[in-house]
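1. Got a predicted structure plus its sequence, pasted below:
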Amino acid sequence: ATPTAIMVGMGRGAQAGILVRDARALELAGRIDTVILDKTGTLTEGRPGLTDCLPAAGVTEAELLATAAALEQGSLHPLALAIVEEARRRGLRLPAVTEFRSIAGKGVTGRVGDETFHLGAPAWFAELNITVPSAPLLAEQGKTVVAVASATRFLGHLALADRLRADSAAAVARLQTLGLEVIMLTGDNEATARAIATQAGIRHYVAEVLPQDKAAEVSRRREAGRRVGMVGDGINDAPALAAADVGFAIGAGADVAIEAADVTLMRDSLMGVADAISLSRATLAKIR
Ligand code: ADP
Ligand code: MG
């Protein structure tokens, strides 16, 4: 490999906001055949807003939202930030919470009054042996639906919606044109995942993947002979980025994601992934 071509390639990338860690990463980017995209904060903006507040019979919207926000105060999850923000906007007084716990990929738990409440994915309540009414049909619109309940009391459902980044669908199309298989990975439920993948033009997706299992999804494909690029933004994505042939951290990603990445995209756009691959291929062509 001529060092000059690599240097020029890396410089050109930097000018376009694509920071490539080293020569090896630049070479590998052009050889990947599979791109795995995290959903929240990667394909989407990662700033969901509360869209529906659906209290159970006998529960007020204010009670549902105040309890939910109280439980989420200790969490930095994008869903948590949206719930706390909406409660604040409505000027709700939040009850005190003790024994707060956050369970990655599932939700949060805490004691309000003399009851332990859970807030999170409807599927999680089955694991907790708590029966909650089936979620309203909002996931088909790409919304994330969460439930709030204790062992004895169901308070209601909340729905939140996150938007695709403006050029995510166009970037996916470009990656597919470059001959890459594009796969979406998410901890979100099946119906929400299907809706978002469809909006983005992605045929293959894996839903309900726990944060700690994202790296295994990457490794599984590498063991099957694929060369995998993984794109993520958050703390939870760092192991998956490190497990990939090439890890891409997008935008103002968490420091840990950037540390684990081979390529950092300074612009909040997945076009940077396609640009990096094209740049690498052009550089490799000069070397041969
Ligand atoms: P993603 O892969 O989209 O980043 P996560 O793995 O962080 O999603 O979470 C998966 C699911 O777990 C969410 O869709 C939600 O249902 C639930 N969940 C996780 N953390 C929280 C939280 N703090 N508040 C509410 N729900 C949560
Ligand atoms: Mg995420």
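-> The structure has been received and is ready for your questions. Ligands and ions are numbered 1, 2, ... in the order given.
2. all helices in the stretch 51-200 of the chain, in order from the N-terminus.
-> 61-72, 78-89, 122-127, 168-177, 190-200 (DSSP state H, counting those that start in this stretch).
3. what's the angle from the second one to helix 61-72?
-> Using axes from the mean of the first three to the mean of the last three C-alpha atoms, to 10 degrees, one finds that helix 78-89 and helix 61-72 are set 130 degrees apart in direction.
4. Show residues contacting stretch 5-20.
-> Outside stretch 5-20, the residues that touch it by C-beta atoms under 8 Å, 6 or more residues apart in numbering are 23, 26-27, 29, 262-267, 272, 275-276, 279-280, 282-283, 286-287. Yep, even glycine has a C-beta here, placed from its N, CA and C like the rest.
5. Ligand 2 contacts on the stretch 151-288 of the chain?
-> Residues of the stretch 151-288 of the chain found near ligand 2 (C-beta under 5 Å from the ion) are residue 234.
6. what about the stretch 151-288 of the chain, any weak spots by pLDDT?
-> 252-253, 287-288 (pLDDT under 70).
7. Try it again at 80.
-> 234-235, 251-254, 256-257, 286-288 (pLDDT under 80).
8. Can you tell me which residue of it sits closest to ligand 1?
-> In the stretch 151-288 of the chain, the residue that lies nearest ligand 1 is residue 187 (2.2 Å; C-beta to the nearest ligand atom).
9. give me phi/psi at that residue?
-> phi -80, psi -10 (degrees, to the nearest 10).
10. you'd agree it is up against residue 211?
-> Yes - between residue 187 and residue 211 there is a contact under C-beta atoms under 8 Å: 6.4 Å.
11. Check the contact lists of the two and give me the overlap.
-> When contacts are counted by C-beta under 8 Å, 6+ apart, the set common to residue 187 and residue 211 consists of residue 105.
12. Pick the most deeply packed of the helices of the stretch 51-200 of the chain.
-> Among the helices of the stretch 51-200 of the chain, helix 61-72 has the highest mean neighbour count (mean count of other C-beta atoms under 10 Å), at a mean of 22.
13. Show me what it is packed up against.
-> On a contact count with 3 or more C-beta pairs under 8 Å, 6 or more residues apart in numbering; DSSP states H and E, helix 61-72 meets strand 49-55, helix 78-89, strand 107-112, strand 115-120, strand 144-150, strand 154-161.
14. Put the alpha carbons of that helix into CSV.
-> Provided in CSV are the C-alpha atoms of helix 61-72 (Å, rounded to 0.1, in the frame of the first residue of the first chain):
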residue,chain,number,x,y,z
GLU,A,61,-53.2,11.6,32.6
ALA,A,62,-51.4,13.8,35.2
GLU,A,63,-51.0,10.8,37.6
LEU,A,64,-49.7,8.5,34.9
LEU,A,65,-47.2,11.1,33.5
ALA,A,66,-46.0,12.3,36.9
THR,A,67,-45.3,8.8,38.1
ALA,A,68,-43.6,7.9,34.8
ALA,A,69,-41.4,11.1,34.9
ALA,A,70,-40.5,10.4,38.6
LEU,A,71,-39.4,6.9,37.7
GLU,A,72,-37.4,8.2,34.7
